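Visitor: take this sequence and fold it.
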Amino acid sequence: MLKNIVIISTLIIIVIAVYFPSRHARHYNYISVKDMLNELDLKWPQNNRVLKNCSYNEIVTNDEDIEISSIKDKREFKKPLLGGEFIPDDCIALEKTAIIVPYRNRSYHLNIFVKYMHWFLQKQKLHYRIFVVNQNDSLPFNRAKMINYGAKMSIRLQYHCLILHDVDLIPINTRNIYACSKLPRHMSSSLDTFRYNLPYLTLFGGAVSITSEQFLKVNGMSNEFFGWGGEDDDFYRRLIYNNLEPCRFSPEVSKYTMLPHRKEDASENRFRTLEKTKEMEKIDGLNSISSSYIIKLEELYTLLIVP
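Guide: Residues are numbered from 1 along each chain as shown. Predicted structure coming up:
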């Protein structure tokens, strides 16, 4: 009898935790659609005798939600340069963006992601490149460390804007421009698996944008989180400690769908590691990863293989 009561109580708690609306941060500050363009950190102006600057007014005002059921459909896009780099040929892009995707054993998701993203991004008149960073060992997945490797290479190649992006997240609103804001931006704050609610105010994961300068300022992300969880919270704390409080665009713009997948095992040490954020920030991050990795230029992305 007691065992049944415990089981039922546990199930009720789980249901409340997942579905009860008040657990979500339903009200939070965000940048309105009309102010989005002014908040972007674009390189204004540039002059060219042949080409004019790309305009982003139409992108941030053309409201369209992509049907989630069509995400896997074949879409036409211009073939990028080898390594997944695309440069508009009809205007001068005012943003140079690196899409950094931490990765391991997710070929099905990656195939959907890169094809969809080339189609999505080419409409935004950006100079962009997709970097896929593969963890090639038997240790638990270290998402943040893979991001650091991708960021390090992107910064070396002078990409101004870094988009740190999970491979299973797909943007579905066309106004969600993949350029950096003046402050680091939580791009995926309106996710279908959370019923388009924000789980908690300090969430800073999934898909985020940050300038190379800001990423360097906080020494990137911690390399100490193996397994699921903790690294995003550590990253958020690094930003706050450096007076870089993240921003968000309107929930109607920040819509994403999550491709079905099995979750990684939780990091056993994530809470203990989080307690050390302040003391470890300067010595654990971008400046503590090795230079040992392999680069392969694939047709649709640049692959970094991290041993």
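Visitor: CA atoms of the helix or strand hosting Asn111 as PDB?
Guide: Element membership of Asn111, judged by DSSP states H and E, is helix 107-122. C-alpha atoms of helix 107-122 as PDB (Å, rounded to 0.1, in the frame of the first residue of the first chain):
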ATOM      1  CA  SER A 107      24.200  11.800 -38.300                       C
ATOM      2  CA  TYR A 108      20.400  11.700 -38.800                       C
ATOM      3  CA  HIS A 109      19.900  15.000 -37.000                       C
ATOM      4  CA  LEU A 110      23.000  16.600 -38.600                       C
ATOM      5  CA  ASN A 111      21.700  15.800 -42.100                       C
ATOM      6  CA  ILE A 112      18.400  17.500 -41.400                       C
ATOM      7  CA  PHE A 113      20.000  20.400 -39.600                       C
ATOM      8  CA  VAL A 114      22.700  21.500 -42.200                       C
ATOM      9  CA  LYS A 115      20.300  21.300 -45.200                       C
ATOM     10  CA  TYR A 116      17.600  23.200 -43.400                       C
ATOM     11  CA  MET A 117      20.000  25.800 -42.000                       C
ATOM     12  CA  HIS A 118      21.600  26.600 -45.400                       C
ATOM     13  CA  TRP A 119      18.200  27.300 -46.800                       C
ATOM     14  CA  PHE A 120      17.200  29.300 -43.700                       C
ATOM     15  CA  LEU A 121      20.400  31.300 -43.500                       C
ATOM     16  CA  GLN A 122      20.800  32.200 -47.100                       C
END
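Visitor: which strands and helices lie in contact with it?
Guide: strand 85-86, strand 96-103, strand 127-135, strand 169-171 (3 or more CB pairs under 8 Å, 6 or more residues apart in numbering; DSSP states H and E). All C-beta spots, glycine's among them, are computed from the backbone N, C-alpha and C.
Visitor: can you lay out these as JSON lines showing mean pLDDT, distance to Trp44 and mean neighbour count?
Guide: As requested, the helices and strands packed on helix 107-122 are exported to JSON lines (pLDDT from 0 to 100; distance: least, CB to CB, whole Å; neighbours: other CB atoms under 10 Å):
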{"stretch": "strand 85-86", "mean pLDDT": "98", "distance to Trp44": "21", "mean neighbour count": "20"}
{"stretch": "strand 96-103", "mean pLDDT": "98", "distance to Trp44": "14", "mean neighbour count": "26"}
{"stretch": "strand 127-135", "mean pLDDT": "98", "distance to Trp44": "15", "mean neighbour count": "25"}
{"stretch": "strand 169-171", "mean pLDDT": "98", "distance to Trp44": "24", "mean neighbour count": "23"}
